[in-house]
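[1] Here you go, sequence then predicted model.
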Amino acid sequence: MSFRNGKKKVKDKALHIDKVSIRYPSTKGFFEAVKSVSLDIEAGQFLALLGPNGAGKTSLITSIVSLTDFQEGNISVFGAKAGSKQAKREIGYVPQELVGYGFFSVNEILNFVSGYFGIKNNQKRIDELLERLHLTNEKDKLVSRLSGGMKRRFLIAKALVHKPRLLLLDEPSAGVDVELRETLWIFVRELHAAGTAILLTTHYIEEAEQLSESTAVIDHGKIIAWDATKSLVSKMSLKKIRLEFFEKSPAWANLKINQDSGVFDLQLKDNALEFSVKASLSFQDLLKLYSLPIDGLSDIHMEEGSLESAFKRLIARG
């Protein structure tokens, strides 16, 4: 299932990125960080953007909130041009870098941000976010005095104080402990269930696999894959199948890898054959492909493919 050819109008899409290119000055003239990227997120959809360091993830996400200029293409948020007042009102942005905010308290900053979006008397919403993110006891503390984990929670509260319909998360769990990460993802799941569209960049691929409906992979500034997450895993990941036999066969020495049939690795270990195969290939297919006797089998072990496996293959191939 591809999300590239949706028939919905641009105004109905939470995010519409159309052939966007981003260039930075360099000693050789310019460096093209993002190369004619197109990407859509439907209202209420959760999309993960994966890529190695320097692939263009942060450049792309900051261009949506007008922190980075793009030289070609167009970006719109629920039909409003990126950078416009209407588009900014729809976006909640959690940056990768932690911030200090000088001598203002958590509560003061959240009220300032509410005022920026023209929201008066927003304390009830602020208190709800503080409680949900376990920040109530930090309410009157200076933001600069918060721990790294608490600053991360604060940035999420700040992004959500005006009830945006699109949430941009740029490596939100980088540098936080496992407990906080799990707390954040429970909250993100609830936001998604309530209808918030989410764009997530992360190095934790297992999180993208567990949370996102669709996944796009970017490398060297280009989108090299974009599909439903489960479909991407099925198409691009390799699963492992271990066939254990009662006896080792001399004929196994002549078995060969058959990539055309979906077998990408084959290892002989004692009385077992270990295969790395495409996700759609079953152990019955293997038995037939290599003429292996089913009555000689003593055990079967299978390890399903993962998004991480698919990601590694895509990057290596690209």
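    Here it is on my side, so go on.
[2] can you tell me the helix or strand for L15?
    strand 13-26 (DSSP states H and E).
[3] Which secondary structure elements does the very next helix or strand once past that strand sit against?
    Per DSSP H and E, the first helix or strand lying C-terminal to strand 13-26 is strand 29-42. Here strand 29-42 touches strand 13-26, strand 46-50, helix 57-64, strand 72-77, strand 197-201, strand 222-228, going by 3 or more C-beta pairs under 8 Å, 6 or more residues apart in numbering; DSSP states H and E. Where you see a C-beta, it was placed from the backbone N, CA and C, and this is true even at glycine.
[4] Any chance of CSV for these, columns mean pLDDT, mean neighbour count and distance to S144?
    Shown next, in CSV, are the helices and strands packed on strand 29-42 (pLDDT from 0 to 100; neighbours: other C-beta atoms under 10 Å; distance: least, C-beta to C-beta, whole Å):
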stretch, mean pLDDT, mean neighbour count, distance to S144
strand 13-26, 95, 18, 30
strand 46-50, 94, 26, 30
helix 57-64, 95, 23, 23
strand 72-77, 97, 19, 31
strand 197-201, 95, 25, 26
strand 222-228, 91, 18, 38
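[5] which one of the ones you listed lies closest to Q259?
    Nearest of the helices and strands packed on strand 29-42 to Q259, taken as C-beta to C-beta: strand 222-228 at 19.1 Å.
[6] one step back: would you convert the helices and strands packed on strand 29-42 into a markdown table that also reports distance to R132?
    Listed next are these as a markdown table, based on distance: least, C-beta to C-beta, whole Å:
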| stretch | distance to R132 |
| --- | --- |
| strand 13-26 | 22 |
| strand 46-50 | 19 |
| helix 57-64 | 24 |
| strand 72-77 | 25 |
| strand 197-201 | 16 |
| strand 222-228 | 29 |
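[7] Please name the residues that touch E207.
    A48, S173, R181, W185, L200 (C-beta atoms under 8 Å, 6 or more residues apart in numbering).
[8] So for the residue of the chain most remote from its centre, what's the pLDDT?
    Distance from the C-alpha centroid of the chain, by C-alpha atoms, centre = their mean, peaks at P250 (46.4 Å). Predicted confidence (pLDDT) for P250: 86.
[9] All the strands of the stretch 101-250 of the chain, residue numbers only.
    166-170, 197-201, 214-219, 222-228, 238-245 (DSSP state E, counting those that start in this stretch).
[10] got the ones you listed as a markdown table, with distance to N258 columns?
    What follows is those, written out as a markdown table (distance: least, C-beta to C-beta, whole Å):
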| stretch | distance to N258 |
| --- | --- |
| strand 166-170 | 42 |
| strand 197-201 | 37 |
| strand 214-219 | 27 |
| strand 222-228 | 24 |
| strand 238-245 | 14 |
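[11] Just tell me which of these ends up closest to P293.
    Nearest of the strands of the stretch 101-250 of the chain (C-beta to C-beta): strand 238-245, 8.1 Å.
[12] beta partners for the closest residue to L160 other than its chain neighbours?
    Leaving aside its sequence neighbours, L160 sits nearest to G92 (C-beta to C-beta, 6 or more residues apart in numbering; 5.2 Å). G92 has these beta-bridge partners by DSSP bridges: L167.
[13] what domains does the record give for this protein?
    Residue ranges for the domains of the chain, per automatic domain parsing: 10-234, 237-317.
[14] looking at those, which is buried most?
    domain 10-234 (a mean of 18; mean count of other C-beta atoms under 10 Å).
[15] L292 and E308, how far apart?
    Using C-beta to C-beta, to the nearest Å, L292 is found at 29 Å from E308.
[16] same question, I186
    Separation of I186 from E308 (C-beta to C-beta): 22 Å.
[17] Send over the longest helix along the chain as PDB, restricted to the C-alpha atoms.
    Assignment by DSSP state H gives helix 178-193 as the longest helix of the chain. Provided in PDB are the C-alpha atoms of helix 178-193 (Å, rounded to 0.1, in the frame of the first residue of the first chain):
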ATOM      1  CA  VAL A 178      14.200   4.000  28.900                       C
ATOM      2  CA  GLU A 179      11.500   4.800  31.500                       C
ATOM      3  CA  LEU A 180      11.000   8.300  30.100                       C
ATOM      4  CA  ARG A 181      11.000   7.000  26.600                       C
ATOM      5  CA  GLU A 182       8.200   4.600  27.400                       C
ATOM      6  CA  THR A 183       6.200   7.300  29.100                       C
ATOM      7  CA  LEU A 184       6.600   9.600  26.100                       C
ATOM      8  CA  TRP A 185       5.500   6.900  23.600                       C
ATOM      9  CA  ILE A 186       2.400   6.000  25.700                       C
ATOM     10  CA  PHE A 187       1.400   9.700  25.500                       C
ATOM     11  CA  VAL A 188       2.200   9.900  21.700                       C
ATOM     12  CA  ARG A 189       0.000   6.800  21.100                       C
ATOM     13  CA  GLU A 190      -2.900   8.600  22.900                       C
ATOM     14  CA  LEU A 191      -2.400  11.700  20.800                       C
ATOM     15  CA  HIS A 192      -2.500   9.700  17.700                       C
ATOM     16  CA  ALA A 193      -5.600   7.800  18.800                       C
END
